[in-house]
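Engineer: next come a sequence and a model predicted from it.
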Protein chains: 2
Amino acid sequence: MTNSSLAHLQIIQPLRSAQNTEQVVARVYDLIKREELKPGDRLPPERELAKQLGISRPSLRAGLSSLISMGVLQSRQGAGTFIVDGPPTLDSEPLRLLAELHGFSYDHMFETRSILEVGAAGLAAERATGDQLATMAEEIAEMFAALKDPQQFLLHDIAFHRAVAAGSGNPTLATLVEMVSAILYERRRDTIERAHDFNESLELHRRVYRAIRSHNPDEAREAMSEHIVRAQRAFALEEKQQQERQQPKDRI
Amino acid sequence: MTNSSLAHLQIIQPLRSAQNTEQVVARVYDLIKREELKPGDRLPPERELAKQLGISRPSLRAGLSSLISMGVLQSRQGAGTFIVDGPPTLDSEPLRLLAELHGFSYDHMFETRSILEVGAAGLAAERATGDQLATMAEEIAEMFAALKDPQQFLLHDIAFHRAVAAGSGNPTLATLVEMVSAILYERRRDTIERAHDFNESLELHRRVYRAIRSHNPDEAREAMSEHIVRAQRAFALEEKQQQERQQPKDRI
DNA sequence: AACTCGAATTGGTCATAACAATTTGGGTTA
DNA sequence: TAACCCAAATTGTTATGACCAATTCGAGTT
């Protein structure tokens, strides 16, 4: 609270990036909006884009770099720069950095994830399409097949939750779910090892699925809430095991 | 669904930005983590940072540009580059671009905002500190004082919601609330004009506040939910008026 | 003691060049 | 003819160096 009392009343800071960077972002924004480009398409080469905008290539690259780190673009040396395709799979860097900067804890992330996913499950119970339900069922089947393979199980776990988020029919919500989950999943991928009770996890997923399929929002919310509480416990356990494995090493 | 079936199973793409950009991000991340730098501090000059990392200035700038657009850093020509201070007031650019890219609608954003803020209100009812409650009360008083001034009213409206989000005791959640709200508020700042019933809005805010103060999570959630539904209606109305004002002009 | 102004600092931009990975197309070969 | 291979073109990646613009800060002046 050292700021002036007006500082935190601002809605959005007027101009944070350099002028040229803003220009590049606006230009890409424009290309997308005019529908000259759609996800998967290739941007004009840097040299040409720079000429179009009347700026130098290093400046252009600063702008593109922003868009890449925000997960809007993706570059492949020799091939080109592309508009990111597929579902809104946001790169989690922004949140990860903010997390570090402000000392977010995993507990807070789980709490947030719970709020988002419980909401998504409720909406999915009202709106999920047949295709989306089929995807959920399919991923559950894959999870069952992967009971002995933690890494594989985790992948289908993710896919299931993604399907639920998509089933909410709300892309904004789905994107936020993705952002928060990505950090947690990535962490978990490193710690997950031995199979604690995946059967229980599978059963909880099934319960969520059944509730959504039978269009019961309250039950879907309740089931998802319960599921995430358990997931958080499993996560905490893995963290603890991880620490115990590392501690002796560090001590020597 | 044109991708291979494995593509959307990836958790996080391994390396999206250029190598040097990654290096810069990692370096700043590191400086923050080692607590050599804290919010508000100034980064070493670009020329020196570039030398430290053994990369060129343009490359360094591409990295810094990413961090600036993610709201982690802020540059002032002649002064230096600083770590953003204050509450996690995330620049909304990332979401705004994704919104454009995937065609998010305002309705979806409101729905998402509702899920987030209802959750935040519930948590705030359990955890809000005396200071945070005082801030909420203060902002409501300011809103009352600004009943005739839409722009001013909106600012204190924002501040109130920010206080509730802070009261949740969950910075992750608060940041997401900020991201989604920023887009909606910014849009509203442009359309808000004549005072439709601000008294009703004020009363709804009071109801939320009372519920939080009396530590009643269910009532807080219910009140916030109701409030946002009304806000969405007001927003839609303003959008409609805005269109009606513009349409005749465009037609001539 | 207050003010002014210019030099130093620092971010913002540009031009050019060289490098690395991918793509593409022509030529070769089976 | 079809498959393969290699070299040239394309395109992103990085570096060097220079100059501009805004801010900062201190020496000099009033």
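Structural biologist: Arrived safely.
Engineer: is the helix ranked longest in chain A in proximity to chain B?
Structural biologist: Counting by DSSP state H, the longest helix found in chain A is helix A:217-251. No: Helix A:217-251 does not reach chain B (Cβ under 8 Å from any Cβ of the partner chain); its nearest approach is 10.7 Å. For every residue, glycine as well, the C-beta is placed using N, CA and C.
Engineer: go through that helix and flag the buried ones.
Structural biologist: Judged by neighbour count (16 or more other Cβ atoms under 10 Å in any protein chain shown), helix A:217-251 contains these buried residues: A:217, A:219-225, A:227-228, A:231-232, A:234-235, A:238.
Engineer: flag whichever of those residues scores worst on pLDDT.
Structural biologist: For the buried residues of helix A:217-251, the least confident position by pLDDT is residue A:238, scoring 79.
Engineer: show me what from chain A comes close to DNA strand C.
Structural biologist: Neighbours of DNA strand C within chain A, by Cβ under 7 Å from any atom of the strand: A:18-21, A:54-59, A:62, A:76-79.
Engineer: could you redo the last one with a cut-off of 6 Å?
Structural biologist: Proximity of chain A to DNA strand C (Cβ under 6 Å from any atom of the strand) is limited to residues A:18, A:19, A:20, A:55, A:56, A:57, A:58, A:59, A:76, A:77, A:78, A:79.
Engineer: so the residue of chain A at minimum distance from DNA strand C, which state does it fall into?
Structural biologist: Among the residues of chain A, residue A:78 lies nearest to DNA strand C; the distance is 2.4 Å by Cβ to the nearest atom of the strand. Using DSSP: H, G, I helix; E, B strand; the rest coil as the criterion, the local structure at residue A:78 reads coil.
Engineer: and it, how far from DNA strand D?
Structural biologist: Residue A:78 is 4 Å from DNA strand D, where distance means Cβ to the nearest atom of the strand, to the nearest Å.
Engineer: what's the spacing between that residue and residue A:32?
Structural biologist: Distance, residue A:78 to residue A:32, using Cβ to Cβ, to the nearest Å: 24 Å.
Engineer: more neighbours: which of those two?
Structural biologist: Set residue A:78 next to residue A:32 and count neighbours by other Cβ atoms under 10 Å in any protein chain shown: residue A:32 wins out with 18 against 5.
Engineer: give me the contacts around the host helix or strand of that one.
Structural biologist: Taking DSSP states H and E as the definition, residue A:32 sits inside helix A:19-33. By Cβ atoms under 8 Å, 6 or more residues apart in numbering or on different chains, the residues outside helix A:19-33 that reach it are A:15, A:17, A:37-38, A:43, A:49, A:52-53, A:55, A:59-60, A:62-64, A:66-67, A:72-73, A:83, B:65, B:68-69, B:93, B:97, B:100-101.
Engineer: in strands, which of those appear?
Structural biologist: In this view, the contacts of helix A:19-33 that belong to strands under DSSP state E are A:73, A:83.
Engineer: which among the contacts of helix A:19-33 are in contact with DNA strand D?
Structural biologist: Checked against DNA strand D using Cβ under 6 Å from any atom of the strand, the contacts of helix A:19-33 give the following subset in range: residue A:43.
Engineer: which of the contacts of helix A:19-33 are buried? Put it as a ChimeraX command.
Structural biologist: With 16+ other Cβ under 10 Å as the criterion, this ChimeraX line picks the buried residues out of the contacts of helix A:19-33:
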select /A:17,37,43,49,53,55,59,60,62,63,64,66,67,72,73,83 /B:65,68,69,93,97,101
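Engineer: my read: residue A:147 touches residue A:202, true?
Structural biologist: Yes: contact criterion Cβ atoms under 8 Å: residue A:147 and residue A:202 qualify, at 7.2 Å.
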